[in-house]
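Asker: Starting from these lines, generate the structure:
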Amino acid sequence: MTIRSAAFSLCITLVACNQSTPAPEKEAPPAALAPQSSASAAMVPVTTRPAAPKVVPTLTAVPFEPEGTHPELVAGIEGGIAVAEGLRVGRIEGGERIEWVGKIPADDNQGFGGSFIASVHGRFPDSVDVLYYSNQGRAPQPTYTAVTGKGQYFRVGEGGMPGDITDVATVGESTLVAALMYTGYIFMTVRGPKLSYKLTSFGEAGCKPEEEFRNRGHTGDVPALAPRAFAATETGTVMTVGTLCDKRGPTAEVWDKPGEKSRLVDLGEWLKAMDYSPDLLRSRGDELFLYPGQKDPILRYRNGKFEPLPRLDKPITFAFVSQNRVLHALAGQTIHRFDEGTWVPVAHLAWPMKIRALVLDKDTLWGSTWRNVFKFRETKSLALTDDCATPFVYLYDVSPDNAPDFTFPSTRKALASFEGASDLGLVEFREGTRRLGLTVKSKQQAEAVLAHIKATMKNEEPKLLCYAPTSPRSIPLTPKGK
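Answerer: The predicted structure is shown next:
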């Protein structure tokens with residue numbers, strides 16, 4: 001996920017946000033995902049979905065809070081899996097404990113409500129860096145700094161001035177950030193030998209005067225392509241993506257070597273539009289994957305060329321590379337691995353989640369939502385079968401802003417008109433977060449109430465499950481006319 005997305009969007013919703021808004025999960029032994037391919041996937045034309053493994057494990061997310069800690073984000077970096085809590089950064093050891101390795105030297109955002117770490121970068125143990133922000137939305141003051149080893153402190157947007165840090169790229173021993181400053185867009189080397197890359201200017205690309213834009217008030221030269229994501233391949237190719245001249249089509253700007261002139265590559269053959277916060281994911285060799293958003297296919301850049309990957313039967317809502325640089329994608333609640341030109345389902349999430357990060361290390365999956373870290377474990381499937389003794393209808397996740405005794409009046413009103421409403425049990429329960437659902441008498445009644453909800457509560461995406469909530473809170477439901 002791009003830094004801007006992590007800091008300002010805060011999450012990627014895996015199901016449609018409803019009158020509340022969905023999030024995480026439950027418990028059981030470590031998740032055994034289908035094994036990852038170690039060979040670089042080759043692009044093969046695909047018209048049908050590949051055969052799934054005989055058993056695709058169902059995973060539930062268990063809060064990861066060893067030794068009384070509460071890590072707030074997880075990140076896969078070179079040399080290990082990083083977590084951050086407050087102003088400190090640690091490495092997960094043995095899958096069960098945290099070794100704290102460093103912290104932000106001083107919280108210089110005290111006048112703005114303190115700081116939070118938005119992302120962790122670099123390499124364990126000697127070059128771990130973080131991007132952090134103030135808790136004041138009007139003056140976020142994006143700052144990149146080292147927590148281990150020697151790295152440059154770099155801040156933009158001082159005191160609420162225009163400024164943003166788009167993303168991070170590693171080229172050999174150098175680390176660069178793409179940043180928007182009051183004077184324009186720059187690439188800044190924050191670790192290692194200084195490297196130079198020049199953005200193609202507005203005029204050089206043939207952009208017209210009426211297309212000129214000023215991002216958040218900056219006064220410097222306008223680039224042809226304002227970076228929305230920034231990354232580099234293992235072999236040193238550097239890339240940004242965005243919208244050419246701000247109003248034309250999706251485009252990539254590519255530098256083969258530092259100091260050389262870049263080239264602009266039109267991506268309009270495959271992409272209709274560039275998402276505000278796309279992701280550039282580093283794979284192996286001279287390879288990157290561009291996740292442009294849910295509406296368009298993922299693109300692979302390899303050895304100077306772009307090509308689209310096959311689509312899945314549901315929109316891809318989150319994409320990431322595992323610790324061994326294999327591409328994975330989440331569509332619906334199923335995680336797929338890209339393998340030999342095809343998407344292979346490897347795991348199914350028991351509950352919808354708001355994902356901020358996913359990290360796959362060997363066969364263990366880690367994730368974080370907003371300020372919570374989870375370790376996924378295998379659990380029994382919640383699929384509703386004919387012999388299920390506890391059919392259940394999951395409605396949506398409860399907004400954390402709702403009081404503990406909230407009674408969901410609009411939901412109760414919609415359910416009151418269902419024939420057989422007196423047989424339903426409206427319950428709030430907890431599976432990683434507060435959720436709302438219905439106990440029902442039978443699978444047939446579950447299917448009937450599902451159809452009723454879809455007709456009367458069009459913004460919801462209810463699901464039929466085989467599930468019995470533990471310690472639910474019952475909310476009185478009065479049938480219409482009574």
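Asker: Tell me the predicted confidence for A42.
Answerer: For A42, the pLDDT comes out at 36.
Asker: do the same with R377
Answerer: pLDDT, R377: 95.
Asker: buried sites along the host helix or strand of it?
Answerer: If you go by DSSP states H and E, R377 is part of strand 372-379. For strand 372-379, the neighbour count (16 or more other CB atoms under 10 Å) marks 372-379 as buried. Heads up, the C-betas are built off the backbone N, CA and C, glycines and all.
Asker: That strand packs against which elements?
Answerer: strand 58-63, strand 364-369 (3 or more CB pairs under 8 Å, 6 or more residues apart in numbering; DSSP states H and E).
Asker: So in this structure, which helix runs the longest?
Answerer: Criterion DSSP state H: the longest helix present in the chain is helix 443-456.
Asker: hey, C-alpha coordinates of it in CSV?
Answerer: What follows is helix 443-456, C-alpha atoms only, in CSV (Å, rounded to 0.1, in the frame of the first residue of the first chain):
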residue,chain,number,x,y,z
LYS,A,443,-31.3,-22.5,6.2
GLN,A,444,-34.5,-21.7,4.3
GLN,A,445,-35.4,-18.9,6.6
ALA,A,446,-31.8,-17.6,6.3
GLU,A,447,-32.1,-17.5,2.5
ALA,A,448,-35.5,-15.7,2.7
VAL,A,449,-34.3,-13.0,5.1
LEU,A,450,-31.2,-12.5,3.0
ALA,A,451,-33.4,-11.8,0.0
HIS,A,452,-35.5,-9.4,2.1
ILE,A,453,-32.4,-7.5,3.3
LYS,A,454,-31.1,-7.1,-0.2
ALA,A,455,-34.4,-5.7,-1.3
THR,A,456,-34.9,-3.3,1.7
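Asker: name the helices or strands packed onto that helix?
Answerer: Using 3+ CB pairs under 8 Å, 6+ apart: helix 443-456 touches strand 391-397, helix 409-416, strand 463-466.
Asker: Within the sheet, what are the partner strands of the next helix-or-strand element following the shortest one, with directions?
Answerer: Pointing back at strand 463-466 there. Downstream of strand 463-466, the next assigned helix or strand under DSSP H and E is strand 473-475. Here strand 473-475 is paired, per DSSP bridges, with strand 425-430 (antiparallel).
Asker: neighbouring strands for the following helix or strand past the strand it pairs with, and are they parallel or not?
Answerer: Counting by DSSP H and E, the next helix or strand C-terminal to strand 425-430 is strand 434-439. Using DSSP bridges, the strands paired with strand 434-439 are strand 391-397 (antiparallel), strand 425-430 (antiparallel).
Asker: Can you list the buried residues in the shortest one?
Answerer: In this case it means strand 425-430. Buried, per 16+ other CB under 10 Å, within strand 425-430: 426-429.
Asker: same question for that strand, mean pLDDT?
Answerer: Here the average pLDDT along strand 425-430 is 97.
Asker: could the helices and strands packed on helix 443-456 go into CSV alongside mean neighbour count and mean pLDDT?
Answerer: Shown next, in CSV, are the helices and strands packed on helix 443-456 (neighbours: other CB atoms under 10 Å; pLDDT from 0 to 100):
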stretch, mean neighbour count, mean pLDDT
strand 391-397, 24, 97
helix 409-416, 16, 95
strand 463-466, 19, 96
